[in-house]
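1. sequence below, structure please.
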Amino acid sequence: MSSRPARRAALLSILALSACGGPIAQAASAARTSGGGGTPAPTAAEATPPTVPSPAPAPAAASPTVSETQTVKLTRSQVKSVQRRARVRADGAIGSKTRAALKRYQAKKRLVRTGRPNLQTLKAMKLAFAKKVEQQLVARQRAAAPLAGAVPGYTFPIQGSWSFGGSATAFGDRGGAHEGVDLLSACGTPVVAASSGTVKANADQSAAGNYLVLTDTPSGEDQAYMHLQSASPLQLGTRVEAGSPIGAVGDTGNATACLLHFELWGAPGWQDGKPRDPSGDLESWGGTPSAAAR
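-> Down below sits the predicted model:
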């Protein structure tokens, strides 16, 4: 056992080391600074949170792609120029003779045979005002772009200007025989899938014209798209996503104008189930009427 003088000497040595800032004093000071945990407190530089870089600016929106087979509205003077190229009397009016002449011209040039003036035909005719018409189409389509993300997983089926039809074109009209809604738009305006789904039917019928039906949609309802300009290239069983191209607005079947007839059918689906008014859904998918049909 150590004597009292020895213990006193040892204590004096410890106190001397503390006064000089030795390891014991430094450790004690570090413990006090860190709150007693033994971990040194961060320096001022370490305590400053890292700077979060600003997000990169979003890329500029690309110009919308317009359908070159979409019917375009021309001035009387422009119609006359088209008629001269099509070798028909230039009276400034698009009548049956002009439409027949345009179909012949389009067939000769291996264009889509619409029988109506469109950007594709104007370019083939090398008309000076074709560029101006294209710029007008781009501007109109940009203004009529559907609202993005209105309802996740859905988009408006017509990618361009459109309007509701007049009398007898709403759901339930014609004594209840009208099982969908008519959306008027220029022939050739792109039509896309309103949601994901699987092609259930792709055919032609005297009343419906060229039509496509999607099943296995998010809501479980079948979607029918009728009076398409030409048969959709999609095969039966093909899986599509919202916004996938399926065709273009047309006037096939018993349509008296360029339009898309759209239907929604509950289980067990198209023809076997029960149709309902799709107007509210179309509006929630970004459907805002933007122009009268031409």
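
2. need the longest strand for the chain.
-> Longest strand of the chain, by residue count under DSSP state E: strand 197-205.

3. and the next helix or strand after that strand, what other elements does it pack with?
-> Following strand 197-205 in sequence order, the next helix or strand is strand 209-215 (DSSP states H and E). Counting contacts by 3 or more Cβ pairs under 8 Å, 6 or more residues apart in numbering; DSSP states H and E, strand 209-215 is packed against strand 197-205, strand 222-228, strand 245-248. From N, CA and C alone the C-beta is placed, and that goes for glycine too.

4. would you mind writing the CA trace of the longest one as PDB?
-> As requested, the backbone C-alpha atoms of strand 197-205 are provided in PDB (Å, rounded to 0.1, in the frame of the first residue of the first chain):
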ATOM      1  CA  GLY A 197     -55.300  -1.400 -72.900                       C
ATOM      2  CA  THR A 198     -55.400  -4.300 -75.300                       C
ATOM      3  CA  VAL A 199     -56.800  -4.300 -78.800                       C
ATOM      4  CA  LYS A 200     -60.000  -6.300 -78.600                       C
ATOM      5  CA  ALA A 201     -61.500  -5.400 -82.100                       C
ATOM      6  CA  ASN A 202     -60.100  -3.800 -85.200                       C
ATOM      7  CA  ALA A 203     -62.600  -3.900 -88.100                       C
ATOM      8  CA  ASP A 204     -64.800  -1.900 -90.500                       C
ATOM      9  CA  GLN A 205     -68.600  -1.700 -90.300                       C
END
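
5. nearest to P117, of the helices and strands packed on strand 209-215?
-> P117 lies closest, by Cβ to Cβ, to one member of those: strand 245-248, at 15.7 Å.

6. what segments of the stretch 101-250 of the chain are strands?
-> For the stretch 101-250 of the chain, applying DSSP state E, counting those that start in this stretch gives strands covering 163-164, 181-184, 190-192, 197-205, 209-215, 222-228, 239-240, 245-248.

7. of the helices and strands packed on strand 209-215, flag the one that's most buried.
-> strand 222-228 (a mean of 25; mean count of other Cβ atoms under 10 Å).

8. return the distance of that strand from the chain's centre.
-> 18 Å (Cα atoms, centre = their mean, to the nearest Å).

9. one more: stretch 128-141?
-> Worked out by Cα atoms, centre = their mean, stretch 128-141 lies 21 Å from the chain centre.

10. for the chain, give me the ranges with low pLDDT.
-> Applying pLDDT under 70 to the chain flags residues 1-67, 140-150, 290-294.

11. am I right that V191 is in contact with Q159?
-> Yes: the pair V191 / Q159 is scored as a contact, 7.3 Å apart, by Cβ atoms under 8 Å.

12. ok, those two, which is more surrounded?
-> For V191 versus Q159, neighbours defined as other Cβ atoms under 10 Å are more numerous around V191 (27 against 24).

13. OK, contacts around that one?
-> 157-159, 225, 228, 245-249, 260 (Cβ atoms under 8 Å, 6 or more residues apart in numbering).

14. S206 now?
-> 253-254.

15. P190 and G153: what is the separation?
-> From P190 across to G153, the span is 19 Å (Cβ to Cβ, to the nearest Å).

16. of the two, who's got more company?
-> Shown here are P190 and G153; by other Cβ under 10 Å, P190 has more neighbours (21 against 14).

17. who is that one paired with across the strands?
-> Under DSSP bridges, the beta-bridge partners of P190 are A248.

18. I figured it hits G160, correct?
-> Yes: judged on Cβ under 8 Å, P190 makes contact with G160 at a distance of 6.6 Å.

19. coming back round to it: want to throw the helices and strands packed on strand 209-215 into a markdown table with distance to V79?
-> Output for the helices and strands packed on strand 209-215, formatted as a markdown table (distance: least, Cβ to Cβ, whole Å):
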| stretch | distance to V79 |
| --- | --- |
| strand 197-205 | 31 |
| strand 222-228 | 25 |
| strand 245-248 | 22 |
